[in-house]
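Provided below are the primary sequence and the corresponding predicted coordinates.
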Amino acid sequence: MRWFFSLALIFLTSVGHAADRKRVVFVGDSITQAAGYVYFIDAYLFAKQPNLEFELINIGLSSETVCGLSENPQPRPNVNNRLARALELLKPDTVSICYGMNDGIYQPYDVKRFEAYRKGLMEGVVDRCEKAGSKVVLLTPFPFDPVPVAQKLVKKDAQNIGYGRFYEKYDDEVLQKYADYILSQQSDSRKVVDIHKALKDYVAERRKMKPDYTVAGDGVHPNFEGHREAARVILKSFFPNDVEGIDSFLNTVEKDRKDWFKLVQKRSKLMADAWRNVTMNPKSEVPAEVMKQAAALEKEIRAQK
């Protein structure tokens, strides 16, 4: 069943039956925790797909990997250490997975590092999600942009390569390989979205007029524009019959619906912070007051859509 060609097949249910709403959980590193692309997706669904009953929960975590490796003495967090709890508590219908930027640890390509990434992603995250009954959406890694951080780039044989001392060909020789691997995992039961190529193409087109154009001033973390473009390619992959509607909405929501969009962001962040904490702390739970506030915000969002 080619379920993934329409997001409606994931989300669609009767509005008003909260128990039947479809839950989509986003996992990823600091880029996902920043939440921009999740905000835009959430806003589009509220505004333009009013018959879909859904809940997006973002539990992305800064510095996180799937590989368990680090370029520093201090370990980076590994999503596999909290995933079982997240799946048990959240019981997602779908999990969106976006890792890779930190998994190459900003160093030259290494076969063993790639294998740790592949194993942690596919035998760890993806396998666990699918065994739990969740559908999987794999996002290729966001691209690394060397242009704005030229002073921080180093050669392959440099010492102490890592975050802040980036391998100069990190995107072309590392993240591109990781993205290519993700693309090879597309199947009838698993959706893949190539945000890596989409964002690189977006920036390349604008550099024809402005050579230093970027959507990631530190080379790693996209600004809100970059998040918007990631959301654009994700939404178009699920709603191919509404390309013009998606473009129109994303191009205007920040300006024309500013206050409403802030409500969407407020609700999303409220839920994200609460659930992220729960996945990291076995003794914690989402406060009832948070759920109450989120419900009130959703009511206001739907009323104003």
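That came in fine, so what should we check first?

give the contact list for A274.
Residues counted as contacts of A274 (C-beta atoms under 8 Å, 6 or more residues apart in numbering) are V286, P287, V290. From N, CA and C alone the C-beta is placed, and that goes for glycine too.

that one: which element?
helix 258-280 (DSSP states H and E).

next, the buried residues of that helix.
Residues of helix 258-280 classed as buried: 260-261, 263-268, 271-272, 274-276, 278-279 (neighbour count, 16 or more other C-beta atoms under 10 Å).

what's the closest of these to E115?
T279 (26.1 Å; C-beta to C-beta).

who's in contact with the closest one?
I59, R82, R85, A86, L89, L90.

could you check how far the residue lying closest to G124 once chain neighbours are set aside is from V136?
Distances taken as C-beta to C-beta, 6 or more residues apart in numbering put N80 closest to G124, at 4.4 Å, once the chain neighbours are dropped. Going from N80 to V136 by C-beta to C-beta, to the nearest Å gives 15 Å.

what helix or strand is I57 located in?
I57 belongs to strand 54-58, assigned by DSSP H and E.

quick check: neighbours of that strand in the sheet, parallel or antiparallel?
strand 22-28 (parallel) (DSSP bridges).

next SSE downstream of the partner strand?
helix 30-34.

which parts of that next one are buried?
Quick answer for helix 30-34 (16+ other C-beta under 10 Å): I31, T32, Q33, A34.

which residues are contacting that helix?
Counting by C-beta under 8 Å, 6+ apart, 26, 38, 58, 60-64, 98, 101, 142, 220-222, 227, 272, 276 sit against helix 30-34.

which among those count as buried?
Looking at the contacts of helix 30-34 with 16+ other C-beta under 10 Å, the buried ones turn out to be 26, 38, 58, 60-61, 64, 98, 101, 142, 220-222, 227, 272, 276.

quick one: neighbours of the residue lying closest to Y163 once chain neighbours are set aside, just the number.
Closest residue to Y163 in three dimensions, ignoring its sequence neighbours and counting by C-beta to C-beta, 6+ apart: Y106, at 5.4 Å. Neighbourhood size, Y106 [other C-beta atoms under 10 Å]: 23.

pLDDT score assigned to Y106?
If you check Y106, the pLDDT there is 98.

residue contacts, it?
E71, F144, I161, G162, Y163, R165, F166, Y167, Y170.

mind picking the two most distant members of the residues you listed?
That would be E71 and F144, which, of those, are the farthest apart (C-beta to C-beta) at 14.0 Å.

tell me which of these two has more neighbours.
Neighbour tally, E71 and F144, criterion other C-beta under 10 Å: the higher count belongs to F144, 24 against 17.

got a list of what that one touches?
Counted by C-beta under 8 Å, 6+ apart, F144 has contacts M101, Y106, F166, Y170, D171, L175, A216, G219, V220.

same thing with I195?
C98, L139, T140, F142, A230, V233, I234.

re the thing from before, among the contacts of helix 30-34, which are located in helices?
V38, H227, A272, R276 (DSSP state H).

would you format the residues you listed as JSON lines with distance to D242 included?
Formatted as JSON lines, the ones in helices among the contacts of helix 30-34 follow (distance: C-beta to C-beta, whole Å):
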{"residue": "V38", "distance to D242": "19"}
{"residue": "H227", "distance to D242": "20"}
{"residue": "A272", "distance to D242": "26"}
{"residue": "R276", "distance to D242": "31"}
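
of all those residues, which two lie farthest apart?
Going by C-beta to C-beta, the pair spanning those furthest: H227 and R276, at 17.9 Å.

how far away is the residue positioned nearest the centre of the chain from I57?
For the chain, T32 is the residue whose C-alpha lies nearest the centre (C-alpha atoms, centre = their mean; 4.4 Å). To I57, T32 is 11 Å away according to C-beta to C-beta.

ok, back up a step: drop anything exposed from the contacts of Y106.
Here the buried ones among these, as counted with 16+ other C-beta under 10 Å, turn out to be E71, F144, I161, Y163, R165, F166, Y167, Y170.

helices - which of these land there?
Using DSSP H, these in helices are Y170.

most neighbours out of the contacts of I195, which is it?
F142 (30 neighbours).

thinking that one is in contact with A230, fair?
Yes. F142 is within contact range of A230, at 7.0 Å (criterion: C-beta atoms under 8 Å).
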